[in-house]
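Student: could you look at this predicted model? Sequence included:
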Amino acid sequence: DQQVKQNSPSLSVQEGRISILNCDYTNSMFDYFLWYKKYPAEGPTFLISISSIKDKNEDGRFTVFLNKSAKHLSLHIVPSQPGDSAVYFCAASPILLQGAQKLVFGQGTRLTINP
Amino acid sequence: EPEVTQTPSHQVTQMGQEVILRCVPISNHLYFYWYRQILGQKVEFLVSFYNNEISEKSEIFDDQFSVERPDGSNFTLKIRSTKLEDSAMYFCASSEQGQFFGPGTRLTVL
């Protein structure tokens, strides 16, 4: 099941520079997209989301871009900080009946911020 | 800041035994979920729960699994007769918009 793909298993970025994490999806029924950060032995931490009616959402250092025609989204972190080092998961969901979600996760990208 | 909590953090059980994993979702959230992550694999959706009933479930969520909201705060996942392949991290989540995850319960079936 490759409905959500993160093709880069790892990414290394210099502190202070921009980190760009990419995600592709195949299911046209997805209309809500999320990014999560995960440390070992912890649950995923919600970072930012975007619905399909938008193409950009910004929250502090985090910006998510959605390109529906290309079925692609990206997460930009600027400036990158050492505490951003973690595994980042992209997730997507159709909006189900009654508003529930059913997240489909990518494989994750391990981001390392170098001092 | 409100958070989702899960107990226990680690559960070890013998194959064939019943286990109950417990979760306390964020209090004003209406939607509740269980996911699992087998070691080295993706996080997978199991079930969503709204208004005291299952709203969606995956093919993984067979008759061995059940969920319950026994009171106003707890949300439980029961596995009736555990199998070796049920060994995984189990995450509870709740949502208004974005889903907020608990820290997980590591289930080890021997």
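Tutor: Yes, it's here.

Student: how about stretch B:68-79 and chain A, touching?
Tutor: No: applying CB under 8 Å from any CB of the partner chain, one finds stretch B:68-79 separated from chain A by no less than 13.5 Å. Heads up, the C-betas are built off the backbone N, CA and C, glycines and all.

Student: any idea what the closest residue to chain A within chain B is bridged to?
Tutor: Relative to chain A, the nearest point of chain B is B:F101 (3.7 Å; CB to the nearest CB). Assessed by DSSP bridges, B:F101 has beta-bridge partners B:A93.

Student: for it, give me its contacts.
Tutor: Each residue near B:F101 by CB atoms under 8 Å, 6 or more residues apart in numbering or on different chains is listed here: A:36, A:43-46, B:4, B:35, B:91-93.

Student: can you pull the pLDDT of it?
Tutor: pLDDT for B:F101: 95.

Student: ditto for the one 4 residues further on
Tutor: Predicted confidence (pLDDT) for B:T105: 97.

Student: show me what it is bridged to.
Tutor: Bridge pairing for B:T105 - DSSP bridges - gives B:Y90.

Student: what about it, neighbour count?
Tutor: 23 (other CB atoms under 10 Å in any protein chain shown).

Student: again, but for B:E59
Tutor: By other CB under 10 Å, neighbour count at B:E59 equals 5.

Student: what about it, which helix or strand?
Tutor: Taking DSSP states H and E as the definition, B:E59 sits outside all helices and strands.

Student: hmm, back to that, measure the residue of chain B closest to chain A to A:S93 for me?
Tutor: Look at B:F101 and A:S93: by CB to CB, to the nearest Å, they are 14 Å apart.

Student: with A:W35 instead?
Tutor: 13 Å.

Student: go on, B:T108?
Tutor: Between B:T108 and A:S93 the distance is 29 Å, computed by CB to CB.

Student: these two: which has the busier surroundings?
Tutor: A count of neighbours by other CB under 10 Å puts A:S93 above the other of B:T108 and A:S93, at 23 against 13.

Student: can you name the residues bridging to the residue nearest the centre of chain B?
Tutor: Taking CA atoms, centre = their mean, the centroid of chain B lies closest to B:W34, which sits 3.7 Å from it. For B:W34, the beta-bridge partners under DSSP bridges are B:V47, B:C92.

Student: do A:S93 as well
Tutor: A:Y32.

Student: A:L11 now?
Tutor: A:L111.

Student: and it, what does it touch?
Tutor: A:19, A:21, A:109-112.

Student: in a markdown table: the residues you listed, plus neighbour count and pLDDT.
Tutor: Shown next, in a markdown table, are the contacts of A:L11 (neighbours: other CB atoms under 10 Å in any protein chain shown; pLDDT from 0 to 100):
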| residue | neighbour count | pLDDT |
| --- | --- | --- |
| A:S19 | 24 | 98 |
| A:L21 | 22 | 98 |
| A:T109 | 21 | 97 |
| A:R110 | 14 | 97 |
| A:L111 | 21 | 97 |
| A:T112 | 14 | 97 |
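
Student: not counting its neighbours along the chain, what's nearest the residue of chain A found nearest chain B?
Tutor: Going by CB to the nearest CB, chain B is nearest to A:G43 of chain A, at 3.7 Å. Using CB to CB, 6 or more residues apart in numbering or on different chains and skipping residues adjacent in sequence, the residue nearest A:G43 is B:F101, 3.7 Å away.

Student: next, count neighbours for the residue nearest to A:N27 when sequence neighbours are not counted.
Tutor: Nearest non-adjacent residue to A:N27, counting by CB to CB, 6+ apart: A:Q3, 4.8 Å away. With neighbours defined by other CB under 10 Å, the count for A:Q3 comes to 14.
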